[in-house]
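Asker: sequence first, then the predicted structure, then my questions.
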Amino acid sequence: MSAVPTASDRLPLLEVEGLEVQFRGSSGWTTVVTDVALRVDHGSVLGLVGESGSGKSVTCASILRLFPAGSGRIAAGRIVFNGTDLTTLGERQLNRVRGRDIGMIFQEPMTSLNPVLTVGEQIAEVVRRHGKVGRQAARARAREVLDLVRIPNAATRMRQYPHEFSGGMRQRVMIAMSLATSPSLLIADEPTTALDVTIQVQILDLLKDLAAELEMGILLVTHDLGVVADMCDDVVVMYGGQVVETGSCAEIFAEPRHPYTADLMRARPSIEGRQELYVIPGRPPTPLEWPGGCRFAARCRHRIEDCEAAPVDLHHLGDDRLSRCIRVSELELGGVR
Amino acid sequence: MNVETTDREVLRVRGLTVTFHPKGRRKAPVQAVRGIDLVLHQGETLSVVGESGCGKSTTARAVLGLVKAAGEIELMGRRFDQMSPREKTRARADIQMVFQDPYSSLDPSQRVGVSIAEPLEVHTDLDAKQRRARVEELLETVGLSAEHADRFPHDFSGGQRQRIAIARALACSPSIVVADEAVSALDVSTQNQVLKLLEELSSSLGVAYLFISHDLAVVRHISDRVAVMYLGTLVEEAAADALFAQPLHPYTQALLSSVLVADPARQRQRTDARLSGDLPDPSNPPSGCVFRTRCPHAMEVCSREVPVPVPRSGGGTVACHLFTEAHEGADPGEPSPTDNLTANGSTR
């Protein structure tokens, strides 16, 4: 997706195609994500954007198959990571990828840390879990990654417990832990949503630096277009369990090609001026309410009869630019200023 | 009927102080709110902003009487602590609340009509039939329909549940609604629907909001005035337009410049100084100005003296030594700090 030739010459780090995910409900399996395609390149940041229920977190969880046993399954599609289709791997093989080649961080750092172990012990444990490494070497590596995420006084902080860290520092610890095994891909699910704004910018800066320094790809899940604008190279917008638009960050903001993307931008209150709040009527459909045609049609200002007639395919607009709108060629949606 | 903002004070807070005493040996007491003053006028929206731990929610809870506080709280010009028990009950009906998570503030086993009617049972003489009529009227006021009264909270989406919480808050026609992060859990599309509703209710019913939020973009859109808190103190307070156009306190400036702009070209150009470090331990706050440990303009006087709020240009107050006489007296030869700050202190 990146326009830089050196990046596209290499194999993509992660490529997802035709992904369909189902969850078990009281009345059998329900499809919650359909036909998702995305690509993350080495050293680049892909933003996966959508509101709650859009399927963005499910998409992420399915890459490492992080479903409670028996409650979720990948019904179709390929998830190719570094040349290997992860959907073909068994649990044991996948366990070697989880947390080693692909790191993950979540919204709430406190619930992901063990409160009764020191931070140093927890990071060292991750290192030892994934390789034949001695105690000493593991501790040294823990110290190294704490430095990497710019935690001051790493040697002292190693011996402290999670409760002795602030929210922002805890998220740094989580990032350090996920980096301990030098993964080539980091999946970050709303990593700054629980943080205050002044801390959020610090963490986003850190993630940007790490992607560049370590040539690491980042799949960043967020609901916040401000976060996307700040750090993503490419963007995938999801709605109702589908990808509705794909493109580079600059293109998407300058010229959104799906009415939902354009509405999301208009609806986001800006700190720069005071204008009438833009309201998208209605609410997103749940998987059980998905209509047969365009899933956004019921809320769309540009709806015509044909929108609801049949499922809408992704339209290729060239250069990795996709939109799931039948009116894509005729609509002038207008981006940011 | 449109009710305009009037000069009538519906709420005044003087020297509000809230101290928590954590359980456990050797735990020092924490002053969550450290002597703040606030005024709220009829029909006005006053937002209190700041980051976690700044005391904004504790301020809201103190105003509602949900935590013990020192200082004075006046409702409709009457001191709350001097009211008779009967007046206090009436005053409580006049100040209502909406919280962040409507699912945990609505009883999941009760039909929403029953939840909305509850304040009517406590505070009015309406009989069951009249209460039902009022509930249906309220549901329609917040954009739902009368038949929704017989459903349960789980039948509604997050945005609809927040409407129900608002309907309940409005049941007794309060003068003040305290909204603590009332739209923070909602997605943008639903968030704006609820914000619009709050705006409409303010102009049709004349209700005043004490709006607690960490989201500065939302605050910019719905506030008449904004108060900025840091570590339990009020650092700056001004009309919303003045505060966002010209933030004076170094903390307000840092806060505003941290807010992300949804435009890659401009967001990536922003090179404003970012705040380093974390919030100090609230049980052991810095001496003098509590912001000085993270302030790019910290001076010698800042560790010695607590800055008092002084009138700021454009109205409102700012509590910072850059604007007090102590500093001006100490450095008479320097250019005016006000000009200095506004020159490099804009948010973009």
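Answerer: Sure, I can see it. Numbers count the residues shown, from 1 in each chain, chains lettered A, B, ... in the order given.

Asker: what is residue A:103 paired to in the beta sheet?
Answerer: residue A:186 (DSSP bridges).

Asker: relative to chain B, how far out is it?
Answerer: 24 Å (CB to the nearest CB, to the nearest Å). Any C-beta I mention is one placed from the backbone N, CA and C, and that applies to glycine too.

Asker: would you confirm that residue A:237 contacts residue A:258?
Answerer: Yes. Residue A:237 is in contact with residue A:258 according to CB atoms under 8 Å; the separation is 6.7 Å.

Asker: overlap of the contact sets of the two?
Answerer: Common contact partners of residue A:237 and residue A:258 (CB atoms under 8 Å, 6 or more residues apart in numbering or on different chains): A:244, A:245.

Asker: and the residue in chain B that chain A sits nearest to, what does it touch?
Answerer: Closest approach of chain B to chain A (CB to the nearest CB) occurs at residue B:260, with a separation of 2.8 Å. If you count contacts by CB under 8 Å, 6+ apart, residue B:260 has them with A:197, A:200, A:201, A:224, A:226, A:227, A:229, A:230, B:267.

Asker: if you set the cut-off to 6 Å instead, what comes out?
Answerer: Counting by CB atoms under 6 Å, 6 or more residues apart in numbering or on different chains, residue B:260 makes contact with A:226, A:230.

Asker: how about it, secondary structure?
Answerer: The three-state assignment at residue B:260 reads coil, by DSSP: H, G, I helix; E, B strand; the rest coil.

Asker: any idea how many residues pack against the residue in chain A that chain B sits nearest to?
Answerer: In chain A, no residue comes nearer to chain B than residue A:226, which is 2.8 Å away by CB to the nearest CB. The number of residues packed around residue A:226, counting by other CB atoms under 10 Å in any protein chain shown, is 21.

Asker: where does the stretch 101-250 of chain A dip in pLDDT?
Answerer: Per-residue confidence for the stretch 101-250 of chain A (pLDDT under 70) gives no ranges below the cut-off.

Asker: what residues does it put near chain B?
Answerer: Counting by CB under 6 Å from any CB of the partner chain, the residues of the stretch 101-250 of chain A close to chain B are A:166, A:196, A:197, A:198, A:201, A:225, A:226, A:229, A:230, A:249, A:250.

Asker: what's the neighbour count on the residue nearest to the first one when sequence neighbours are not counted?
Answerer: This points to residue A:166. Once its chain neighbours are removed from consideration, residue A:166 has its nearest residue in residue B:278; the separation is 4.3 Å (CB to CB, 6 or more residues apart in numbering or on different chains). Taking other CB under 10 Å as the neighbour definition, residue B:278 ends up with a count of 18.

Asker: quick check, residue B:278 in contact with residue A:167.
Answerer: No. Assessed by CB atoms under 6 Å, residue B:278 is found out of contact with residue A:167, at 8.4 Å.

Asker: now do the shared contacts for those two.
Answerer: Residues touching both residue B:278 and residue A:167 (CB under 6 Å, 6+ apart): there are none.

Asker: now do the helices in chain A.
Answerer: Defined through DSSP state H, the helices belonging to chain A, from first to last, are A:5-9, A:56-63, A:91-97, A:109-112, A:119-129, A:135-148, A:154-157, A:167-179, A:197-214, A:225-231, A:249-254, A:259-267.

Asker: chain center to the third one, what's the gap?
Answerer: Offset of helix A:91-97 from its chain centre (CA atoms, centre = their mean, to the nearest Å): 21 Å.

Asker: what comes up buried for stretch A:297-312?
Answerer: Buried residues in stretch A:297-312, defined by neighbour count with 16 or more other CB atoms under 10 Å in any protein chain shown: A:297, A:298, A:299, A:300, A:302, A:303, A:307, A:312.

Asker: that one near chain B anywhere?
Answerer: No. Applying CB under 6 Å from any CB, one finds that stretch A:297-312 is not in contact with chain B, the shortest distance being 7.9 Å.

Asker: then that stretch to PDB, C-alphas only?
Answerer: Once non-C-alpha atoms are left out, stretch A:297-312 reads as follows in PDB (Å, rounded to 0.1, in the frame of the first residue of the first chain):
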ATOM      1  CA  ALA A 297     -27.400   2.800   3.300                       C
ATOM      2  CA  ALA A 298     -30.000   3.400   6.100                       C
ATOM      3  CA  ARG A 299     -27.900   6.300   7.400                       C
ATOM      4  CA  CYS A 300     -26.400   7.600   4.200                       C
ATOM      5  CA  ARG A 301     -27.200  11.000   2.800                       C
ATOM      6  CA  HIS A 302     -26.400   9.800  -0.700                       C
ATOM      7  CA  ARG A 303     -28.700   6.700  -0.700                       C
ATOM      8  CA  ILE A 304     -30.500   5.800  -3.900                       C
ATOM      9  CA  GLU A 305     -32.700   2.800  -4.500                       C
ATOM     10  CA  ASP A 306     -30.000   0.700  -6.000                       C
ATOM     11  CA  CYS A 307     -27.900   0.900  -2.800                       C
ATOM     12  CA  GLU A 308     -30.200  -1.500  -1.000                       C
ATOM     13  CA  ALA A 309     -30.700  -3.900  -3.900                       C
ATOM     14  CA  ALA A 310     -27.700  -6.200  -3.600                       C
ATOM     15  CA  PRO A 311     -24.500  -6.600  -1.600                       C
ATOM     16  CA  VAL A 312     -21.900  -4.000  -2.600                       C
END
